[in-house]
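**Student:** sequence and predicted structure are below.
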Amino acid sequence: MSRLFSSPAVSNQARHHHSSLLLSTSKQELHRQPIATPPPATLTPPADPSLEKPLSNPTGDLYTPEVQLKLKVGVPVMLLRNVDHSSGLCNGTRLVITRLDNHILEGKVILGSNAGFKVFILKMT
């Protein structure tokens, strides 16, 4: 679970790949075709895992700024991760926060087939 939210933001291999594409492509070609990222299988992780820096952004999305979530009781929220698919806690599920404790959130599902159910989510730090 600890490695779930940690990965390098952009590897040097990906940067090198994009740089070489830009340098080898004419201006007209750039407008006609998008620059693709190499498949994940061609990217190699750093040799030393201790060199990896964990992202504080829970979504792991490179284009989303780092955030610090401040929740309040009664505020509607939307899950950005699949927490428990069998309980209907998947990406996009909307909840209203009903209780905040030190390590657990209690919420009520407000949309979908599980609307009205109370759910408990462990806080992820």
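**Tutor:** Perfect, thanks for sending it.
**Student:** L71 is in contact with G107, isn't it?
**Tutor:** No: L71 is beyond contact range of G107, at 9.6 Å (criterion: Cβ atoms under 8 Å). Where you see a C-beta, it was placed from the backbone N, CA and C, and this is true even at glycine.
**Student:** more crowded one of those two?
**Tutor:** Taking other Cβ atoms under 10 Å, L71 and G107 do not tie; G107 has more neighbours (25 against 12).
**Student:** give me the secondary structure label for the more buried one.
**Tutor:** Secondary structure state of G107, per DSSP: H, G, I helix; E, B strand; the rest coil, is strand.
**Student:** between L71 and G107, what contacts are shared?
**Tutor:** Here L71 and G107 have V77, I97 as joint contacts, going by Cβ atoms under 8 Å, 6 or more residues apart in numbering.
**Student:** once you drop chain neighbours, what's closest to R99?
**Tutor:** E106 (3.8 Å; Cβ to Cβ, 6 or more residues apart in numbering).
**Student:** residue contacts, that neighbour?
**Tutor:** By Cβ under 8 Å, 6+ apart, the contact set of E106 is I97, T98, R99, L100, K118, V119, F120.
**Student:** so can I have JSON lines of the residues you listed showing distance to N82, secondary structure and pLDDT?
**Tutor:** Output for these, formatted as JSON lines (distance: Cβ to Cβ, whole Å; DSSP: H, G, I helix; E, B strand; the rest coil; pLDDT from 0 to 100):
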{"residue": "I97", "distance to N82": "19", "secondary structure": "strand", "pLDDT": "92"}
{"residue": "T98", "distance to N82": "21", "secondary structure": "strand", "pLDDT": "94"}
{"residue": "R99", "distance to N82": "22", "secondary structure": "strand", "pLDDT": "92"}
{"residue": "L100", "distance to N82": "22", "secondary structure": "strand", "pLDDT": "89"}
{"residue": "K118", "distance to N82": "19", "secondary structure": "strand", "pLDDT": "93"}
{"residue": "V119", "distance to N82": "13", "secondary structure": "strand", "pLDDT": "90"}
{"residue": "F120", "distance to N82": "16", "secondary structure": "strand", "pLDDT": "89"}
